[in-house]
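Colleague: pasting the sequence and the predicted coordinates here, then a few questions.
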Amino acid sequence: MPVPVFYSNVHFTGFKGQILFDASMKDYTSIKIGGPADVMVFPNDEDDLIMVLKFASSKNFPVFILGGGTNLLVRDNGIRGVVINLSEGFDEVLCRGDNRVIAGAGVRLIELVNFCREKELSGLEFAVGIPGTIGGAVFMNAGAYGGEMKDIIEKVEAIDLKGQKHIFDNAALKFSYRRCELPSDMIVTKAYLKLKKGTPEEIKKRIKEFRDRRKATQAINLPNTGSIFKNPKGVPAGRLIEEAGLRGILLRDAQISEVHANYIVNLGRATAMDVLALIAMVRDKVFKIKGILLETEIKVVGED
Ligand SMILES: Cc1cc2nc3c(=O)[nH]c(=O)nc-3n(C[C@H](O)[C@H](O)[C@H](O)COP(=O)(O)OP(=O)(O)OC[C@H]3O[C@@H](n4cnc5c(N)ncnc54)[C@H](O)[C@@H]3O)c2cc1C
């Protein structure tokens, strides 16, 4: 049920989306950890988004943009200001007929993989099994098995925190390993993908191959946030952690996964503090034993 108020007595005329107060970030992150967001806004379309951004900017409220929350650790006291959640609108996918696909930032990666398979377009198969949204995948330059978003993104549309629209082409995004250089005040609203025509058999085969590889190494049933650390050049972070003897170690309800040592799982009541302490312990031990300083891949946000 849309709520037409945003902040005490302020009303948004024409706002079509939803607004939640004190939204527990546990419900919006794959690791099921995090204190409350003061306000979570679900804009329905660009007009809604611009309205919210202009308002937040006029009040100097901080704004955080949430995708699927699958690469995120939110601290235990939550997020002050406004969290923008694009999952309710921004969900349109279009095929332009010249092997190009346009997807809203809130579209789930798996939906787009399936869409491309149906349209016999190849190039996104690597993303099967990567959770989260298109917006998050662009921002993180998500990738697996030799493929990454960088290879297929032609350009993105974005809106800045003052409500102005921008376009960034692939080169301007300066993609690198698990990151891009989108300015920090930009919200991706739409991505344009350039794919190749493929045969249904080839596409299905690649999807199955990637799915099977993932199942063999990452069959993790507990809440987690994907790889905690980036892989240093030439060696998987998981192997370093395992060789440092840390597989399976516990800190209260946070555990280095028994299945894949670069994952931390939440056994039920883990806090962000537990996960951060475990991360610090792993970095310290791996550095002492291997001489390599691991860099985190996950984004850590919010207040302690
Ligand atoms: C089980 C599991 C397996 C995973 N496997 C992989 C893998 O193989 N490869 C891989 O690369 N990752 C993997 N991940 C990590 C994660 O799924 C990806 O990084 C994903 O792309 C994050 O997308 P998200 O929508 O969840 O982003 P979030 O986690 O919500 O956000 C991540 C960052 O992106 C920013 N962001 C989100 N949306 C937007 C937007 N519209 N505009 C601007 N900024 C935005 C956020 O502010 C935040 O800084 C895995 C995670 C899990 C839980």
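Modeller: Happy to help now that I have it. Numbering: from 1, shown residues only.
Colleague: confidence score at the residue lying closest to residue 176 once chain neighbours are set aside?
Modeller: Leaving out its chain neighbours, the residue that sits closest to residue 176 by CB to CB, 6 or more residues apart in numbering is residue 141, at 7.0 Å. In this view, the C-beta of every residue, glycine as well, is placed from N, C-alpha and C. According to the prediction, residue 141 has pLDDT 98.
Colleague: for residue 141, grab the count of nearby residues.
Modeller: For residue 141, the count of nearby residues is 19 (other CB atoms under 10 Å).
Colleague: do you know how far residue 214 is from the ligand?
Modeller: For residue 214, the distance to the ligand equals 7 Å [CB to the nearest ligand atom, to the nearest Å].
Colleague: and that residue, that one's in a helix?
Modeller: Yes. Membership of residue 214 in a helix is supported by DSSP: H, G, I helix; E, B strand; the rest coil.
Colleague: residues in contact with the residue lying closest to it once chain neighbours are set aside?
Modeller: Spatially, and ignoring its direct neighbours in sequence, residue 214 is nearest to residue 129 (4.3 Å; CB to CB, 6+ apart). Taking CB atoms under 8 Å, 6 or more residues apart in numbering as the criterion, residue 129 is in contact with 144, 210-211, 214, 218.
Colleague: over to residue 162?
Modeller: 53-54, 57, 185.
Colleague: let me know the secondary structure of it.
Modeller: Going by three-state DSSP, the secondary structure assigned to residue 162 is coil.
Colleague: dump the residue contacts of residue 190.
Modeller: Residue 190 makes contact with 90, 102-105, 156-157, according to CB under 8 Å, 6+ apart.
Colleague: do residue 191 as well
Modeller: Residue 191 sits next to 102-103, 105, 134-135, 138, 153, 155-157 when contact means CB under 8 Å, 6+ apart.
Colleague: same thing with residue 94?
Modeller: 101-103.
Colleague: what do you get if the cut-off is 10 Å, keeping everything else the same?
Modeller: Neighbouring residues of residue 94 by CB atoms under 10 Å, 6 or more residues apart in numbering: 100-104, 115, 190, 192.
Colleague: next: residue 86.
Modeller: 17, 41-44, 49, 65-68, 104-107, 133-136, 187-189.
Colleague: close to the ligand, is the helix or strand residue 51 falls within?
Modeller: According to DSSP states H and E, residue 51 maps onto helix 46-58. No. Applying CB under 6 Å from any ligand atom, one finds helix 46-58 separated from the ligand by no less than 10.1 Å.
Colleague: could you pull up the mean pLDDT of the next helix or strand after that helix?
Modeller: Scanning forward in sequence from helix 46-58 by DSSP H and E, the next helix or strand is strand 63-66. Average pLDDT, strand 63-66: 98.
Colleague: each with direction, which strands does strand 63-66 pair with?
Modeller: For strand 63-66, the paired strands and their directions (DSSP bridges) are strand 79-85 (parallel).
Colleague: and the partner strand, does that touch the ligand?
Modeller: No. Strand 79-85 stays clear of the ligand (CB under 6 Å from any ligand atom), getting no nearer than 8.2 Å.
Colleague: now do that strand, average pLDDT.
Modeller: Per-residue scores along strand 79-85 average to 97.
Colleague: returning to what we had before: the contacts of residue 191 in strands, which ones?
Modeller: Within those, residues falling in strands by DSSP state E are 102-103, 153, 155-157.
Colleague: distance to the ligand, pLDDT and neighbour count added to those residues, as a markdown table?
Modeller: Below are these laid out as a markdown table (distance: CB to the nearest ligand atom, whole Å; pLDDT from 0 to 100; neighbours: other CB atoms under 10 Å):
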| residue | distance to the ligand | pLDDT | neighbour count |
| --- | --- | --- | --- |
| 102 | 14 | 98 | 17 |
| 103 | 11 | 98 | 28 |
| 153 | 12 | 98 | 23 |
| 155 | 14 | 98 | 18 |
| 156 | 8 | 98 | 27 |
| 157 | 10 | 98 | 19 |
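Colleague: tell me how many other residues crowd residue 214.
Modeller: 15.
Colleague: wait, isn't it in contact with residue 145?
Modeller: Yes. Assessed by CB atoms under 10 Å, residue 214 is found in contact with residue 145 at 8.7 Å.
Colleague: so which residue is dead centre in the protein?
Modeller: A centroid search over the chain (CA atoms, centre = their mean) returns residue 136, at 3.8 Å, as the residue closest to the centre.
Colleague: which two from the contacts of residue 162 end up farthest apart in space?
Modeller: Maximum pairwise distance among the contacts of residue 162 (CB to CB): 13.4 Å, between 54 and 185.
Colleague: right, I'll call it a day here.
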